[in-house]
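1. sharing a model that was predicted from the sequence below.
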Number of protein chains: 2
Amino acid sequence: MAEKITPREQDFSQWYQDVVLQARLADYSPVKGCMVIRPNGYSIWEQIQQDLDRRIKATGARNAYFPLLIPESFLKKEAEHVEGFAPQCAVVTYAGAKDLEEKLVVRPTSETIINSMFAKWIQSYRDLPMMINQWANVVRWEMRTRLFLRTTEFLWQEGHTCHATADEAEEEARKMLNVYADFAEEILAMPVLRGMKSESEKFAGALRTYCIEAMMQDKKALQAGTSHNLSTNFAQAFDTVFLDKDGKQKTVHQTSWGVSTRLIGGMIMTHSDDKGLVLPPRLASTHVVIVPILSNASKKAEVLAAAEALARSIREAAEGQKLPYTLGVSVDQDETKQPGWKFHEYELIGIPIRIEIGPRDLEKGQVVMTRRDIGVKEMLSLTAVPQKVVQELDTMQRVLLEKARAFRDQNTFEISDYADFQKKIEEPGGFFAASWCQSKICEAKVKEETKATIRCLPMGPDYQSIEASGHCLGCGEQKSLVRAIFARSY
Amino acid sequence: MAEKITPREQDFSQWYQDVVLQARLADYSPVKGCMVIRPNGYSIWEQIQQDLDRRIKATGARNAYFPLLIPESFLKKEAEHVEGFAPQCAVVTYAGAKDLEEKLVVRPTSETIINSMFAKWIQSYRDLPMMINQWANVVRWEMRTRLFLRTTEFLWQEGHTCHATADEAEEEARKMLNVYADFAEEILAMPVLRGMKSESEKFAGALRTYCIEAMMQDKKALQAGTSHNLSTNFAQAFDTVFLDKDGKQKTVHQTSWGVSTRLIGGMIMTHSDDKGLVLPPRLASTHVVIVPILSNASKKAEVLAAAEALARSIREAAEGQKLPYTLGVSVDQDETKQPGWKFHEYELIGIPIRIEIGPRDLEKGQVVMTRRDIGVKEMLSLTAVPQKVVQELDTMQRVLLEKARAFRDQNTFEISDYADFQKKIEEPGGFFAASWCQSKICEAKVKEETKATIRCLPMGPDYQSIEASGHCLGCGEQKSLVRAIFARSY
């Protein structure tokens, strides 16, 4: 418990690992590249699932579950797909005490296995759109892993939809990007750029990949969610066809979209500080912890009773307001730990609001309240607490988003000169908006020389990439220019 | 849609498959032994998860997530465990384009990988009890599979707990069995026997396995959940030790407990009929479907408006009553389908209550309501509907349990003569309570000769098996007799 968190200034990467391990969000497992998500971390994933699941269902998709193991031949049916994923596959070759006739790949993603079922289920235009979502684990063999951000196994949701026309599929892919962006900002309090991936960064098998990109406190980018227009690429490979109204057999147009436990890592690197986790209230299950000061034996019963009564009145106030979340309040009755230890612990694990109540406070009918993100102690009358708690949680959620957005905006720069960019990507770092000639050669050169990649092509109002003027950041070319965001990334 | 469900009388096994496939609950996948859980089936799993998760958390357990892939050496650390599971393992031998140094087993259950973490997290008695639950997929290679009941991959929850004493672990194992039994009866409306497994039927690695057993409509038994007292078997293998209050290092005592998607199969075989799925209301997401009769063009708008208004008033009535579930109501506005088709469809997929409303009904201020399980049309005044719906759902939930319990009790027999048992296990079949001498030889003989196994030793008030008199069903022995339930099973 006396472990120290490395300050962000000193070593951001070590700070991140310290927060994750010390707040008991996740741990390294004995299986290479795989993490264990501990209860403090998993409860955040549960909050994410609950809210996002509601948003996904509101679009008309329904949840289902498809096999973990995919015949190797399925992966090979879509050429780009297998090329992209084969190097990362974990393969079952032996099962039920026998060598398998056909090897089975542990799903790295489920486009292929799901298409094999879509092909069976879809006959006519009446079956469309077909919109499926799956909450599942996936495995992608990774060389360098980092808790939550990049692990061999991770948890995610993957949506898969089929549509009668290309326009509908395109509309769906964009719609889901917006669902993710709204979710990231409203629930994770993590501001995101909405954009399109360049050809070389798109999903293996997609026509087009949309993405949301967030800026971490070290000014690096994190891809936080993707939504793909798959066109008919997988449908052709699996013969997912339908009889249209006009009596003609046509191939369905598809999308897929997903976010993962990576979001937890992004949220941590957006808000947390040198004292530990700063958790947006909408991701908390316990929002308020009341710490009764029990050192005075003769007053103990009275203080405890007051703490419990306060907890009840906070819960009642929350219920009366019909909040969009269940406000969790706990009273820490543990007498084997000192208040100072508890304060440190609750800061570390990111409880949004802490309330201290002691005998002398009680006499004066007041308590001390501290919001995790600002850390300022505030004296409050007991009766004012329930209302104030609800307000402060709301404020904290909003302020975290505003603060992160201001940070991102302050660290986003327009740039046109390559030498200048080479300097600034080192120091101060950040997001760099520049013109790009759309050539892969140029993109690769920038990546090799600066370790910065095109995070996205921000989208204009018509969801196309934005035409730009001047000259390409990489090669100086003056033709076919679009606006691109360059940054180093996770 | 014109597909016919095979009647239960004709072929129970085919009937089951027809219901599952035609109600679109699950489907066969191209991966041997693996099923796809379709949205109609997955929504039942979501209801199960939601309710059971609440019950599990109420016992103090918290959710977490552990790796899918387990080093082969871990499985081998507990001798009985590896012997039991090795023949069923799927093994990853190749990953990231390389042969693995150590093979990884796709988890068939997680005692070993979780113990490797418990050993790291637990230091002192202050860390106990440690109570973890995981919602996950597991893989057990099966020769003969059946949708939901026995599949190579299935979804489940697995609880794993550590305690300071043997007594506490035993108490936890029993407590969780009761949680499962109450859940099965209150939510699945599936009556269960609570008992203990015989030595030969217990979990590989456990000291003692408790189980709940249900009777299906073909009078065969289904094991619906298990709770194991693991003693220190895994803890010793993984050195999961703690420093106790007395300053001594001790090995933790453990339990594990799980239920799976198999419950969905059990629920179907308990309640459903020759028209399709009969779903206990507590497992439904849509409880009421309103079918407006739209054939009269001039009245269409009026009928639709009345149907929507009725749906609203049902929802409001449900909200006002603070039901323990969210009452789902939908209005079927689809004009491409005939009412007759719709009635058939909603019977097939098991919507608990159907309401028809046509122009003539509307004039008279009434509707026709049909409860899925009894199938009797009832005329009701519009204003009475909301209250009646809530009541009927409650009644249906209760009646399904009562009916299933009566069926089980009518088909449970006391038996003492082996020749008589050999005849009766064929016809009429059922559960047979008999005395057993506790010998494995005798148990194996009965199994071989009659295909009946000891489903459980029912528990007395002290949770011990019940001493019996007379003579052993198998060998006629008159010593060490306990009461046992013999039945054929899934």
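-> That came through fine.
2. tell me where the stretch 201-350 of chain A has helices.
-> Remark: helices assigned in the stretch 201-350 of chain A by DSSP state H, counting those that start in this stretch are A:233-238, A:262-271, A:300-320, A:339-349.
3. which parts of the stretch 301-450 of chain A sit against chain B?
-> Counting by Cβ under 8 Å from any Cβ of the partner chain, the stretch 301-450 of chain A comes close to chain B at A:T336. Any C-beta I mention is one placed from the backbone N, CA and C, and that applies to glycine too.
4. make it 6 Å
-> By the rule Cβ under 6 Å from any Cβ of the partner chain, no part of the stretch 301-450 of chain A lies against chain B.
5. do a quick rundown of the helices in the stretch 51-200 of chain A.
-> So, for the stretch 51-200 of chain A - with DSSP H, counting those that start in this stretch - the helices run A:72-75, A:79-85, A:111-121, A:166-186.
6. nearest spatial neighbour of A:Q422, skipping sequence neighbours?
-> Closest residue to A:Q422 apart from its sequence neighbours, by Cβ to Cβ, 6 or more residues apart in numbering or on different chains: A:T450 at 5.8 Å.
7. no no, A:K250
-> Closest residue to A:K250 apart from its sequence neighbours, by Cβ to Cβ, 6+ apart: A:D244 at 5.0 Å.
8. what does the pLDDT read for that neighbour?
-> Looking at A:D244, its pLDDT is 98.
9. try A:Y463
-> pLDDT for A:Y463: 86.
10. list the residues that contact it.
-> Taking Cβ atoms under 6 Å, 6 or more residues apart in numbering or on different chains, we find A:Y463 in contact with A:R174.
11. could you look up the SS state of it?
-> In three-state terms, and counting by DSSP: H, G, I helix; E, B strand; the rest coil, A:Y463 is coil.
12. does the lowest-mean-pLDDT helix or strand in chain A come close to chain B?
-> Lowest mean confidence among the helices and strands of chain A (mean pLDDT, DSSP states H and E): helix A:79-85, at a mean of 91. No - Helix A:79-85 is not in contact with chain B by Cβ under 6 Å from any Cβ; minimum separation 11.2 Å.
13. which of the residues in that helix are buried?
-> A:H81, A:V82, A:G84, A:F85 (16 or more other Cβ atoms under 10 Å in any protein chain shown).
14. what of stretch A:420-432?
-> In stretch A:420-432, counting by 16+ other Cβ under 10 Å, buried: A:F421, A:K424, A:I425, A:G429, A:G430, A:F431, A:F432.
15. name the nearest residue to the fourth one, ignoring sequence neighbours.
-> Pointing back at A:G429 there. Closest to A:G429 by Cβ to Cβ, 6+ apart is A:K219, at 4.1 Å.
16. surely the one you found and A:N411 touch.
-> Yes - using Cβ atoms under 6 Å, A:K219 makes contact with A:N411 at a distance of 5.2 Å.
17. burial count for the residue of the stretch 201-350 of chain A found nearest chain B?
-> Relative to chain B, the nearest point of the stretch 201-350 of chain A is A:T336 (7.4 Å; Cβ to the nearest Cβ). Number of residues near A:T336 (other Cβ atoms under 10 Å in any protein chain shown) recorded here: 6.
18. what confidence value was assigned to it?
-> Looking at A:T336, its pLDDT is 90.
19. for A:R107, list the residues it contacts.
-> In this structure, A:R107 makes contact with A:L68, A:I70, A:V138, judged by Cβ under 6 Å, 6+ apart.
20. thought the first one was touching B:F154?
-> No - distance between A:L68 and B:F154: 10.4 Å, which falls outside the contact criterion (Cβ under 6 Å).
21. neighbour count: those two, which is higher?
-> A:L68 (26 against 22).
22. helix or strand: which one has A:R354?
-> Following DSSP states H and E, one finds A:R354 within strand A:353-357.
23. if we can go back for a sec, Serialize the helices of the stretch 201-350 of chain A to TSV and add fields for mean neighbour count and mean pLDDT.
-> Shown next, in TSV, are those (neighbours: other Cβ atoms under 10 Å in any protein chain shown; pLDDT from 0 to 100):
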stretch	mean neighbour count	mean pLDDT
helix A:233-238	22	97
helix A:262-271	25	98
helix A:300-320	16	95
helix A:339-349	17	97
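24. let me have those in CSV, adding distance to B:W121 as columns.
-> Shown next, in CSV, are those (distance: least, Cβ to Cβ, whole Å):
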stretch, distance to B:W121
helix A:233-238, 43
helix A:262-271, 20
helix A:300-320, 28
helix A:339-349, 15
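25. so which of the ones you listed is nearest B:G340?
-> The closest of those to B:G340 is helix A:233-238. By Cβ to Cβ, the value is 34.2 Å.
26. and that closest one, what other elements does it pack with?
-> If you count contacts as 3 or more Cβ pairs under 6 Å, 6 or more residues apart in numbering or on different chains; DSSP states H and E, helix A:233-238 packs onto helix A:111-121.
27. before we move on, back to that, what do A:L68 and B:F154 both touch?
-> Joint contacts of A:L68 and B:F154 (Cβ under 6 Å, 6+ apart) do not exist.
28. what's the pLDDT at the residue lying farthest from the centre of chain A?
-> Largest separation from the mean C-alpha position in chain A: A:S298, at 48.8 Å (Cα atoms, centre = their mean). Looking at A:S298, its pLDDT reads 94.
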